[in-house]
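Participant: output the structure for:
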Amino acid sequence: MQSRKPKPLAVGMFWLGIQMVWGALLGVSLQARAIELGGTRALAAYGVLAAGGAAIAAVTQIVMGIVSDRRRAMGSKRVEFHVTGAALGAIALLWFYAAPSYAQLIAAVLVLQLGMNVAIGPYQAVIPDFFADEELDAASSWMAALQSAGNAAGALLASLVADTRIVASAIAASLAASCAFTAAHIRTLEAPRIDLRPLRVDRAFGDLFVSRAFVFLGFYTLLGYLFFFVRAAIAGATKEATGVLILVVTVSAAAGAIAAARLTTRMDRRAVAFAGGSAFICALIAFLGSHTMPELAGSALLAGIAWGVFITADWALGCRFLPRHALATAMAVWNLALLAPQILAPVVATALLTALHQLQSASAPRTAFLAAICEVAIGIAWIWRLPASQRSVEPATSGNRPKALG
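Facilitator: Residues are numbered from 1 along each chain as shown. Presented below is the predicted three-dimensional model:
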């Protein structure tokens, strides 16, 4: 018998597994493996891995979004994409951690991005697919909290477990198990067919994209250069210290996401996103002024809470403005505002550092952080170009589900 009530935790569990992968790779393992196999050109090696992987991700998400929307119009619940992507991603993870050469590492990253984004493209539509408008804020909060928890778990494994075989096996198993859990629940839900129409990008969609792109350009610059910043600022175990800081950020972000759920139901979501982004910038400035591990951890705690608030509002804004008649395609286009920064962040930072003759300098990570702060500031200021987004519900058009807003 089918369930008529989607459970946010069950629907979002796959997001936990997905974010474990990115928590391990983007903050710790990608940089560590670049140093291990890239030699003296570690920064340049990292830039190639980050930019190339993100480019594959962007193309894959767009293609899978279009294909899955067509399948969704025929009654599919998109589960086949989740399962296929998780299986390929798990295999590629094992290869990534075992790759003996830089060439194989590049190949493993590209296959991993391909597999993960076969799943992610269609999966991003899961909240608007199954939750009514009055449930979007609570569901978005769950997704943001699970994202932070997954990032924390992945970073913790990658930074504190020395045996990479254990790291690879644990993350791959978590990815497969979380996919199976979510897929089993989704199969019990009703999925009324959508009226598939071509995607049209209006001004609100465009402003949402630009705002998100600048914020994530700064975020991925910070994440990419955090390892190198810690190595320059603190003598000792860089890998472990970086992992601890990422853990602090991601755990506190989960708390911020939970707190933001009530704010997004009562306030203009633009104001919530702006407040979270502004607090995040203040925490980053404090981070740059820190000189000890306790000071860095305190700044990371504040940054994480603020980031959790922003991510919850970001999810809610996306669900508010993106059209449901081509949802996975719209989500894939919207997510280019996250993927393009993954490509551009190392490229822009490398170009800036080269222009300032700091690419091989000890001050390079600090300069990259200052650039990231400016990028985030532009993004959160751009939010006010969006229409007011307090929650409102239009008359239902299909069964007992409200019509999509936007």
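Participant: only C-alpha atoms from now on, for both contacts and neighbour counts.
Facilitator: Noted.
Participant: my guess is residue 131 contacts residue 6. True?
Facilitator: Yes: assessed by Cα atoms under 8 Å, residue 131 is found in contact with residue 6 at 7.0 Å.
Participant: can you give me the helices for the stretch 301-406 of the chain?
Facilitator: 327-355, 364-382 (DSSP state H, counting those that start in this stretch).
Participant: least reliable of these going by mean pLDDT?
Facilitator: Mean pLDDT is lowest for helix 327-355 among these, at a mean of 80.
Participant: so where do the helices sit in the stretch 1-150 of the chain?
Facilitator: 8-24, 30-38, 42-73, 79-98, 102-123, 126-130, 136-160.
Participant: which of these is buried the deepest?
Facilitator: helix 136-160 (a mean of 27; mean count of other Cα atoms under 10 Å).
Participant: same for that one, what does it pack against?
Facilitator: helix 8-24, helix 126-130, helix 164-186, helix 238-266, helix 293-321 (3 or more Cα pairs under 8 Å, 6 or more residues apart in numbering; DSSP states H and E).
Participant: now the angle from that helix to helix 164-186?
Facilitator: For helix 136-160 against helix 164-186, the angle by axes from the mean of the first three to the mean of the last three Cα atoms, to 10 degrees is 160 degrees.
Participant: just how off-centre is helix 136-160 within its chain?
Facilitator: Chain-centre distance of helix 136-160: 9 Å, with Cα atoms, centre = their mean, to the nearest Å.
Participant: before we move on, what about stretch 167-184?
Facilitator: 17 Å.
Participant: next, the buried residues of it.
Facilitator: Residues of stretch 167-184 classed as buried under the neighbour-count rule (16 or more other Cα atoms under 10 Å) are 167-180, 182-183.
Participant: could you export it as CSV, CA atoms only?
Facilitator: Extracted C-alpha coordinates of stretch 167-184, given in CSV (Å, rounded to 0.1, in the frame of the first residue of the first chain):
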residue,chain,number,x,y,z
VAL,A,167,37.9,5.7,4.2
ALA,A,168,36.9,4.7,0.7
SER,A,169,35.0,1.6,1.8
ALA,A,170,33.1,3.4,4.5
ILE,A,171,32.0,6.3,2.3
ALA,A,172,31.1,4.0,-0.6
ALA,A,173,29.0,1.8,1.7
SER,A,174,27.3,4.9,3.2
LEU,A,175,26.5,6.2,-0.2
ALA,A,176,24.9,2.9,-1.3
ALA,A,177,23.0,2.4,1.9
SER,A,178,21.5,5.9,2.0
CYS,A,179,20.5,5.5,-1.6
ALA,A,180,18.7,2.2,-0.9
PHE,A,181,16.9,3.7,2.1
THR,A,182,15.7,6.8,0.2
ALA,A,183,14.7,4.8,-2.9
ALA,A,184,12.7,2.3,-0.8
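Participant: what lies in contact with that stretch?
Facilitator: With contacts defined as Cα atoms under 8 Å, 6 or more residues apart in numbering, stretch 167-184 is touched by 10-18, 20-21, 79, 82-83, 86-87, 89-91, 93-94, 97, 154, 157-158, 161.
Participant: with stretch 289-297 instead?
Facilitator: With Cα under 8 Å, 6+ apart as the test, stretch 289-297 has contacts from 233, 234, 241, 245, 248, 287, 299.
Participant: for PyMOL, what selects the buried ones among the residues you listed?
Facilitator: A single PyMOL command is used to select the members of these judged buried by 16+ other Cα under 10 Å:
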select buried, resi 233+241+245+248+287+299
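Participant: make TSV out of the contacts of stretch 289-297 and add distance to residue 372 and pLDDT.
Facilitator: TSV is the format used below for these (distance: Cα to Cα, whole Å; pLDDT from 0 to 100):
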residue	distance to residue 372	pLDDT
233	18	75
234	21	73
241	21	81
245	18	85
248	20	87
287	13	87
299	16	89
